[in-house]
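> no sequence for this one, just the structure:
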């Protein structure tokens with residue numbers, strides 16, 4: 001799988017606090033963000049599909 005790098009901006013302390021809890025569970029931050037983005041995309045596609053279906057009825 002190819003990967004790309006992106007910078008993100010977070011509120012002060014958020015990264016450190018997330019890293020603290022994620023490390024305890026063996027979660028890598030990039031893996032977690034990737035999963036969250038995929039879930040968001042899936043939800044948005046479902047909403048879009050529902051709206052398109054409603055328009056065509």
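Thanks, I have it. What you are looking at is a predicted structure, and each value in this text was computed from that prediction instead of being measured.
> Which other helices and strands does the helix or strand hosting residue 51 contact?
Using DSSP states H and E, residue 51 sits within helix 29-55. On a contact count with 3 or more CB pairs under 8 Å, 6 or more residues apart in numbering; DSSP states H and E, helix 29-55 meets helix 14-24. C-betas here are computed from N, CA, C, even on glycine.
> angle of the helix it packs on against helix 29-55?
Angle, helix 14-24 to helix 29-55, by axes from the mean of the first three to the mean of the last three CA atoms, to 10 degrees: 100 degrees.
> centre of the chain versus helix 14-24, how much separation?
16 Å (CA atoms, centre = their mean, to the nearest Å).
> Can you give me the neighbour number for residue 22?
The local packing of residue 22 (other CB atoms under 10 Å) involves 14 other residues.
> just to revisit the earlier point, now the helix holding residue 51: average pLDDT?
What helix 29-55 shows for mean pLDDT is 95.
> Stretch 14-22: which residues count as buried?
By 16 or more other CB atoms under 10 Å, stretch 14-22 has no buried positions at all.
> Residue 42 and residue 50, how far apart?
Using CB to CB, to the nearest Å, residue 42 is found at 13 Å from residue 50.
> Residue 32 - how many residues pack around it?
Around residue 32 sit 13 other residues, with neighbours defined as other CB under 10 Å.
> which residues touch the residue nearest to it when sequence neighbours are not counted?
Distance criterion CB to CB, 6 or more residues apart in numbering; nearest residue to residue 32, sequence neighbours excluded, is residue 22 at 6.4 Å. The contact partners of residue 22, by CB atoms under 8 Å, 6 or more residues apart in numbering, come to 28, 29, 32.
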